[in-house]
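turn this into a model:
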Amino acid sequence: MMLATVRLIIASGVIMSSVAFSSVKTEPVEYKQGDDKFEGFIVYPEKAKEPVPGILMVHNWLGNSDETRHQAERIAALGYVVFAADIYGKGVRPKDQKEAAQLATIYKNDRKKFRDRLQAGLATLRRQRGVDPTRVIAVGYCFGGTGVLELARSGADIKGVVSFHGGLDSPTPDDGKNIKSEVLVLAGADDPLQKSDDLHAFEKEMRSHHLAWQLIMYGGAVHSFTDRSAGNDNSKGTAYNANADRRSFEAFKQFASELFGPTPAT
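Numbering: from 1, shown residues only. Modelled structure (predicted):
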């Protein structure tokens, strides 16, 4: 049984052990913004003895899913408290990619609404037991990768944002002047959804506002390269890439350690 577990972990490209998973706990968290209700979840290390840095996680266009939980668990296994925010609202879960695209478009077209819901998630993270509210990073995937950049552009007082294969477009690039955090963007070099105009505009935004930013691109990787459920056919434009997944997670770990010091688990 142990051998089978080890083989599964190696084959999937995941860089943590089953022992690490057993050291974290997951609980649902309901919260409100005005009259709107949301249901996210928190993942935290059971043996944490003092307030630790918090990670706000923003889901992809499918909403909070098994993939979100997987990403939250592997970050929490490092010793951080992770709160997976719910952008769509309690009970609002797309049943397929068509519905997901419709929901995601609402927030891409209404960045204020997107930012407001991101801010509600951030406030909820800061209220969680065991979180040091002064040490927070926001991490997002695809739709959520776009979201964490919008959170930064809203002027959120956080240490950093990390966008995994997220959209880089901004209807109001001058809002880059509001960014207080460091920015790390991890992108597939062959992502067909990443428009070159958006990439150039993002770089211009970062430079013109003299921000602390990094852009790392992974050759051979397309969209959703961290998502194990995306298959492995690059021709579809979305595919899992074990090397890019591993390398981007290492880049996140280094980014977090530079902002927070050694991970609590070390």
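
tell me which residues of the helix or strand residue 30 falls within are tucked away?
Counting by DSSP states H and E, the element that carries residue 30 is strand 24-33. By 16 or more other C-beta atoms under 10 Å, the buried positions in strand 24-33 come out as 24, 29, 31. Any C-beta I mention is one placed from the backbone N, CA and C, and that applies to glycine too.

per-residue pLDDT, the second one?
At residue 29, the pLDDT value in this model is 98.

ditto for residue 10
28.

then residue 264?
75.

and for residue 48?
79.

how far away is it from residue 78?
Going from residue 48 to residue 78 by C-beta to C-beta, to the nearest Å gives 11 Å.

any residues in contact with both of these two?
residue 264 (C-beta atoms under 8 Å, 6 or more residues apart in numbering).

more neighbours: those two, which one.
Between residue 48 and residue 78, counted using other C-beta atoms under 10 Å, the more crowded position is residue 78 (24 against 19).

contact partners for the closest residue to the more buried one other than its chain neighbours?
Closest residue in space to residue 78, ignoring its immediate chain neighbours: residue 263 at 4.4 Å, by C-beta to C-beta, 6 or more residues apart in numbering. Residue 263 sits next to 78-80, 253, 256-257 when contact means C-beta under 8 Å, 6+ apart.

which SS class is residue 263?
At residue 263, secondary structure determined by DSSP: H, G, I helix; E, B strand; the rest coil is coil.

the stretch 1-150 of the chain: helices as residue ranges?
Along the stretch 1-150 of the chain, counting by DSSP state H, counting those that start in this stretch, helices occupy 2-12, 18-22, 66-76, 97-109, 111-127, 143-153.

turn the ones you listed into JSON lines, columns for distance to residue 38 and mean neighbour count.
What follows is these, written out as JSON lines (distance: least, C-beta to C-beta, whole Å; neighbours: other C-beta atoms under 10 Å):
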{"stretch": "helix 2-12", "distance to residue 38": "30", "mean neighbour count": "10"}
{"stretch": "helix 18-22", "distance to residue 38": "26", "mean neighbour count": "13"}
{"stretch": "helix 66-76", "distance to residue 38": "14", "mean neighbour count": "21"}
{"stretch": "helix 97-109", "distance to residue 38": "13", "mean neighbour count": "15"}
{"stretch": "helix 111-127", "distance to residue 38": "7", "mean neighbour count": "19"}
{"stretch": "helix 143-153", "distance to residue 38": "14", "mean neighbour count": "27"}
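
lowest mean pLDDT across the ones you listed, which one is that?
The minimum mean pLDDT among the helices of the stretch 1-150 of the chain belongs to helix 2-12 (a mean of 30).

show me where the stretch 151-266 of the chain has helices.
Using DSSP H, counting those that start in this stretch, helices in the stretch 151-266 of the chain cover 196-208, 242-260.

list the contacts of the last one.
Surrounding helix 242-260, the residues in contact under the criterion C-beta under 8 Å, 6+ apart are 12-15, 53, 74-75, 78, 80, 135, 137, 139, 159-160, 162, 164, 182, 184, 186, 188, 214, 216, 218, 220-221, 225-226, 263.
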